[in-house]
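# Prediction below, plus the sequence it came from.
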Amino acid sequence: MDNVTEHLASMTIVGICATLVMDVWSWLRQPLLGVAPPNYAMVGRWLLHMGHGQFRHSAIATSPAMPGEKAVGWLAHYLTGLVFAGILLGIVGQGWIDQPTLAPALLVGIGTVAAPFLLMQPGMGAGIAASRTPAPNTARLQSLLTHGVFGIGLYLGGWVSHGLLG
């Protein structure tokens, strides 16, 4: 397998695994912590409205629904996981797959919280770092926990990739 193909395969495996781990955590939060899982249809709505020139909403839930928003939201969620896995592999190098370590995966995972804090939440009407939500500190903590779990998923995905490609 050439280097580019190996890198793309690793990025795909790591990204999908990490995103799946994050999704399992999101679904477990409801019975464990009483926190509803994210509604990726709202992400799809936000993205689809961008195609019509609207990048910012006062409250995305009150913006008009868009056809295919749920599918677009889920696809964007998984593609974002692949991009973040690519960032991890870009930082640590492809050799990390041979012996994945937790620290860089966890640091990148936690670092990805910048995307919702600085881009998605403001664009969807929740303010920077959920500042316009009813309980900003709770929302921030949940985001940090979820992205930390994503980091653990990156690490686990590294081992899955190693097992499949190594």
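Happy to help now that I have it.
# can we go C-alpha only for contacts and neighbour counts from here?
OK.
# any idea how far stretch 77-86 is from the chain center?
7 Å (C-alpha atoms, centre = their mean, to the nearest Å).
# try stretch 60-75
Worked out by C-alpha atoms, centre = their mean, stretch 60-75 lies 17 Å from the chain centre.
# Next, the buried residues of it.
Residues of stretch 60-75 classed as buried by neighbour count (16 or more other C-alpha atoms under 10 Å): 60-61, 65-66, 69-70, 72-74.
# wait, what's in contact with Glu139?
Not Glu; residue 139 is Ala. 130, 133 (C-alpha atoms under 8 Å, 6 or more residues apart in numbering).
# Check the gap between it and Ala114 for me.
Distance, Ala139 to Ala114, using C-alpha to C-alpha, to the nearest Å: 13 Å.
# Now Ala41. Nearest residue, chain neighbours left out?
Lys70 (3.8 Å; C-alpha to C-alpha, 6 or more residues apart in numbering).
# Verify the contact between Pro37 and Val24 for me.
No: applying C-alpha atoms under 8 Å as the test, Pro37 and Val24 come out as separate, 9.6 Å apart.
# Filter the buried residues of stretch 60-75 down to just the ones in strands.
Using DSSP state E, no member of the buried residues of stretch 60-75 sits in strands.
# which ones are touching Asn119?
Careful, residue 119 is Leu; it's not Asn. Here Leu119 is in contact with Ile128 (criterion: C-alpha under 8 Å, 6+ apart).
# Please, which helix or strand holds the residue sitting nearest the centre point of the chain?
The geometric centre of the chain, computed from its C-alpha atoms, lies nearest to Gly81 (C-alpha atoms, centre = their mean), at 5.0 Å. In the assignment (DSSP states H and E), Gly81 maps to helix 69-92.
# ok, then the element right after that helix?
Downstream of helix 69-92 (by DSSP H and E), the next one is helix 102-111.
# Quick one: distance of stretch 124-134 to the chain centre.
On C-alpha atoms, centre = their mean, the centre of stretch 124-134 falls 18 Å from the chain's centre.
# Just the C-alpha atoms of that stretch, please, in PDB.
Extracted in PDB, the C-alpha atoms of stretch 124-134 (Å, rounded to 0.1, in the frame of the first residue of the first chain):
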ATOM      1  CA  MET A 124     -26.400  28.400  15.200                       C
ATOM      2  CA  GLY A 125     -27.400  31.100  17.700                       C
ATOM      3  CA  ALA A 126     -26.000  29.600  21.000                       C
ATOM      4  CA  GLY A 127     -23.200  32.200  21.200                       C
ATOM      5  CA  ILE A 128     -19.500  31.700  21.700                       C
ATOM      6  CA  ALA A 129     -18.900  28.700  23.900                       C
ATOM      7  CA  ALA A 130     -22.700  28.300  24.500                       C
ATOM      8  CA  SER A 131     -22.900  31.800  26.200                       C
ATOM      9  CA  ARG A 132     -26.500  32.300  25.000                       C
ATOM     10  CA  THR A 133     -27.800  29.000  26.300                       C
ATOM     11  CA  PRO A 134     -29.800  28.600  29.600                       C
END
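# Thanks a lot, catch you later.
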